[in-house]
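1. A structural model of the following input is requested.
(chains A and B)
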Amino acid sequence: MKKKLLSALLSVSMIAAMLVGCGGEGNADSKTPETKAPAENDAEAPAENDAEAPADNDAQANAGGSVYYLNFKPEVDEVWQEIAAAYTAETGVEVKVVTAASGTYEEVLKSEIAGSNAPTLFQINGSVGYANWKDYCMDLTDTDLYASLSDQSLAVTGDDGKAYGIPYTVEAYGIIYNDAIMQKYFAMDGAVVTSVDEINNFDTLKSVVEDMQAKAADLGIDGVFASTSLMPGEDWRWQTHTANLPIYYEFEEKGVSDADEITFSYGENFKNIFDLYINNSTCAPGLLGSKDVASSMAEFALGKCAMVQNGNWAWSQIAEVDGNVVVEGDIHFLPIYTGVSGEENQGLCIGTENYWCINSQVPAEDQQATLEFVKWMINSDAGKDYMVNRLGNAAPFTTFGDSEKPSDPLAKSMLASMESGKTAVPWAFTVFPSQDFKDDFGAALLEYCNGNMTWEDVTALVVSRWAEEKAAVAQ
Amino acid sequence: MEKTLKKYFLVFTLPTLVAFAFAFIIPFAQGIYLSFCNFTTVSNAKWVGLENYKKAFGSSQGFMNAFGFTAGFTVISIITINVIAFSLALLLTRKIKGTNLFRTVFFMPNLIGGIVLGYTWQQMINAILYSYGKTIVSDAKFGFIGLVLLMNWQMVGYMMIIYIAGLQNVPTDLLEAAHIDGATSWQTLIKVKLPMVMSSITICVFLTLSNSFKLFDQNKALTNGAPMNKTQMLALNIYETFYGKTGFEGVGQAKAVMFFIAVAVIALLQLSFTRSREVEQ
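-> Prediction:
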């Protein structure tokens, strides 16, 4: 009898141990438990709580359709939770918003969309993203969302010419500068130029930057540019954003919008600006492998450098740094000049990587509910207020009036640049073959900084990897 | 007793079996099936036969490089971890003052997660390399050394505990007999203690082998494969294939299946090799 009891106890403890084991494994599987878990918890708790109460009264009215948005941007997760609650309170439709941790969107989407409760609204980054997710993208051609686009060519279209992804914001990037430091430099004896307006090509930029670097101590900065973050996974500002310019000019020259092979003929121009970044920076080129984006934005916010390449989304990052010394009125954009002839007229790089798609494989009532939800976002006063003032989106829809534009300094600088008549550089990088290509490009840049690769090696790698990856993805 | 056990066999094992099937056998079978498919999500797979396996060995895949790096790392870390762990075990079975404190301290790193360790060591190694104007990703050899250091720091304590248990089980009459026969302490170690702790060696080598081969978190956090994927290990290579490129999920899956087979074969070979050297007490 005692033995029987013992074996019963043993099996109970075994089950217990096993359950605990499984729980642990589940965590390990997500690979980024420490970042993902809180985001998800935050995401689900408020959405669900608020959804319950009103849904009861109104459940019949909306025929059971619900919205599940898989949000791409962790920095605006809280706002989306608020939007979900507000929408549910107003219409009774349940809205759930889950946010993927930074850099894990594709992974989270892959696992979520395969589940029984798949996202009804998700986002892709352009035509490459569409190629990956076309089985899940609903035709949006006949929707209000598409009809309201101020420029319908912005939408992601399939081979059949129909619209499958609708951009919900446009963004810009360039060289962000701190005008306070620039003015200090302009006031010095022997300054190369006396106003930022005079910097309209690479040669001028270079001479200004090099002169400023020489006078760094007098200007009270560690270097002109913030550190060129090349830590693996933190190099997207260079292998994607800066790389956009040479590829754009190459495509322009050939009159194409995508290519299976490139010659990287404007690679020298990339080298121009990249060398300027790494040699006139707050740290030596050999140390860049340990720098991430956050640390370079912090350097800028703390006034240790005068310039940093990033986009208008960086404003919140700059503003949130403790001990931030940058005044809101002092930060503006400068286009990224690379020494291409005629670049005096070049503007910022403006485009988007954020397209809304509606899941074609969820029940029709959920699709309808989702369409209603996005319509509310761009038509109702409350929705528009969230879009512009809380999410900071420069929404490309006709439903937004002139007064309904974001007001942070970088967005203003972007809108000013769009209106100045300069040629905006579109985001050609949305056709870059794959993440692998970008990662290898970034790794090559790191090796170049470490002195283990020459520029010729980098160029050769970019050309060959582009062709290989384009061929691989086309299969 | 036998009879009642048989009678309740299902009751006791069914929950485990069901859970095992759901958490392990079914995903495993599905994984093998998916390695022959082209898929974006697991629910819309299309059969493509051996295509994925062919692609996995493509030059741009870096699979063989990762295999080479992993193998080199595994060899070095098996040797260093086991030698250090065994030496510590010898030291800490000598009834030195504070033995328990030492054992606890050496064991503690094993309780910290791999990602945390990876970032911590990255900072520490960078702090040293900074003074030479370099970082851990300046050269692949720094990444390699860093990984070995990190693995040693993490695993040595655990292996040490296993060796201590083994050493404490060596019968004292054998040691006494050796002593009386005039064996030096070196001879006692080689001829008596080592054969007697062979079963511990089997376990420790197995654990270090499989852990080193399957290393992921530490690799991802410490270097993430930089520079130029030269410090990328197999598990990370598979992960990058799966998530890094559109349409390569199946290739990643095929690599994972090959990875499983490789680990299983190597581990079984090692087990039969060290087992054959174990002696009955």
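
2. use CA for all of it now, contacts and neighbours both
-> Will do.

3. my reading is that residue B:106 lies in a helix. Confirm?
-> Yes. Per DSSP: H, G, I helix; E, B strand; the rest coil, residue B:106 lies within a helix segment.

4. residue ranges in chain A under the pLDDT threshold?
-> Residues of chain A that meet the criterion pLDDT under 70 lie in A:1-63, A:475.

5. which parts of chain A are strands?
-> A:67-71, A:95-99, A:121-124, A:156-157, A:163-167, A:171-178, A:223-225, A:305-311, A:331-334, A:346-351, A:355-358, A:423-425 (DSSP state E).

6. and the third one, what does it pack onto?
-> Packing partners of strand A:121-124 (3 or more Cα pairs under 8 Å, 6 or more residues apart in numbering or on different chains; DSSP states H and E): strand A:67-71, strand A:355-358.

7. now, of those strands, which is deepest in the fold?
-> Mean neighbour count (mean count of other Cα atoms under 10 Å in any protein chain shown) peaks for strand A:355-358 among the helices and strands packed on strand A:121-124, with a mean of 25.

8. so for residue B:140, which of the helices and strands packed on strand A:121-124 sits nearest?
-> Nearest to residue B:140, of all the helices and strands packed on strand A:121-124, is strand A:67-71, at 36.7 Å by Cα to Cα.

9. interface residues of the stretch 151-281 of chain B facing chain A?
-> Neighbours of chain A within the stretch 151-281 of chain B, by Cα under 8 Å from any Cα of the partner chain: B:217, B:223-224, B:226-229, B:243-247.

10. which of the residues you listed fall in helices?
-> When those are checked against helices (DSSP state H), the matches are B:217, B:243-244.

11. any chance of JSON lines for the residues you listed, columns neighbour count and pLDDT?
-> Shown next, in JSON lines, are those (neighbours: other Cα atoms under 10 Å in any protein chain shown; pLDDT from 0 to 100):
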{"residue": "B:217", "neighbour count": "21", "pLDDT": "93"}
{"residue": "B:243", "neighbour count": "18", "pLDDT": "81"}
{"residue": "B:244", "neighbour count": "21", "pLDDT": "75"}
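
12. quick check, nearest of those to chain A?
-> Distance to chain A across these (Cα to the nearest Cα) is lowest for residue B:244, with 5.3 Å.

13. the helices in the stretch 1-150 of chain B, which residues?
-> With helices called from DSSP state H, counting those that start in this stretch, the stretch 1-150 of chain B shows them at B:2-20, B:26-34, B:51-56, B:63-91, B:99-107, B:114-130, B:140-168.

14. swap in the stretch 101-250 of chain A?
-> Ranges of helices within the stretch 101-250 of chain A are A:105-114, A:127-133, A:144-147, A:179-186, A:202-214, A:216-219, A:236, A:243-254, based on DSSP H, counting those that start in this stretch.

15. show me what the second one is packed against.
-> Read that as helix A:127-133. Looks like helix A:127-133 contacts strand A:156-157 (3+ Cα pairs under 8 Å, 6+ apart).

16. rewinding a little: redo the helices of the stretch 101-250 of chain A as CSV? Include distance to residue B:128 and mean neighbour count.
-> Below are the helices of the stretch 101-250 of chain A laid out as CSV (distance: least, Cα to Cα, whole Å; neighbours: other Cα atoms under 10 Å in any protein chain shown):
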stretch, distance to residue B:128, mean neighbour count
helix A:105-114, 35, 17
helix A:127-133, 41, 19
helix A:144-147, 55, 18
helix A:179-186, 33, 18
helix A:202-214, 27, 19
helix A:216-219, 27, 16
helix A:236, 27, 20
helix A:243-254, 33, 19
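
17. can you pull the pLDDT of residue B:105?
-> On pLDDT, residue B:105 comes in at 91.

18. now swap in the one 4 residues further on and tell me
-> Reading off the confidence values, residue B:109 has pLDDT 90.

19. okay, which residue is most central for chain A?
-> residue A:353 (6.7 Å; Cα atoms, centre = their mean).

20. could you do chain B as well?
-> By Cα atoms, centre = their mean, chain B has its centre lying nearest to residue B:211, at 1.0 Å.

21. now that residue: how far from residue B:221?
-> Separation of residue B:211 from residue B:221 (Cα to Cα, to the nearest Å): 16 Å.

22. show me what from the stretch 51-200 of chain A comes close to chain B.
-> Residues of the stretch 51-200 of chain A lying close to chain B by Cα under 8 Å from any Cα are A:106-107, A:110-111, A:113-114, A:132-133.

23. mind redoing it with 7 Å?
-> For the stretch 51-200 of chain A, the residues in contact with chain B (Cα under 7 Å from any Cα of the partner chain) are A:107, A:110, A:114, A:132.

24. how about the third one, what does it touch?
-> What that stands for is residue A:114. B:41-43 (Cα atoms under 7 Å, 6 or more residues apart in numbering or on different chains).

25. most surrounded residue in these?
-> residue B:42 (18 neighbours; other Cα atoms under 10 Å in any protein chain shown).

26. next, see if the helix or strand bottoming out on mean pLDDT in chain B gets close to chain A.
-> Ranked by mean pLDDT, DSSP states H and E, the helix or strand of chain B with the weakest confidence is helix B:2-20, at a mean of 85. Yes. Judged by Cα under 7 Å from any Cα, helix B:2-20 and chain A are in contact via B:12, B:16.

27. in that helix, which residues are buried?
-> The neighbour-count check on helix B:2-20 (16 or more other Cα atoms under 10 Å in any protein chain shown) flags B:12, B:15-16 as buried.

28. with stretch A:89-98 instead?
-> Neighbour counts over stretch A:89-98 (16+ other Cα under 10 Å) mark A:89, A:92-98 as buried.

29. for residue A:398, which non-adjacent residue is closest in space?
-> Counting by Cα to Cα, 6 or more residues apart in numbering or on different chains, residue A:150 is the residue found nearest to residue A:398 once chain neighbours are left out, at 5.0 Å.

30. and the gap between that neighbour and residue A:371?
-> 18 Å.

31. which of the two has more residues huddled nearby?
-> In terms of neighbours (other Cα under 10 Å), residue A:371 is the more surrounded of residue A:150 and residue A:371; the figures are 20 against 14.

32. what about the residue nearest to the centre of chain B, which helix or strand?
-> Element membership for residue B:211, per DSSP states H and E: helix B:198-213.
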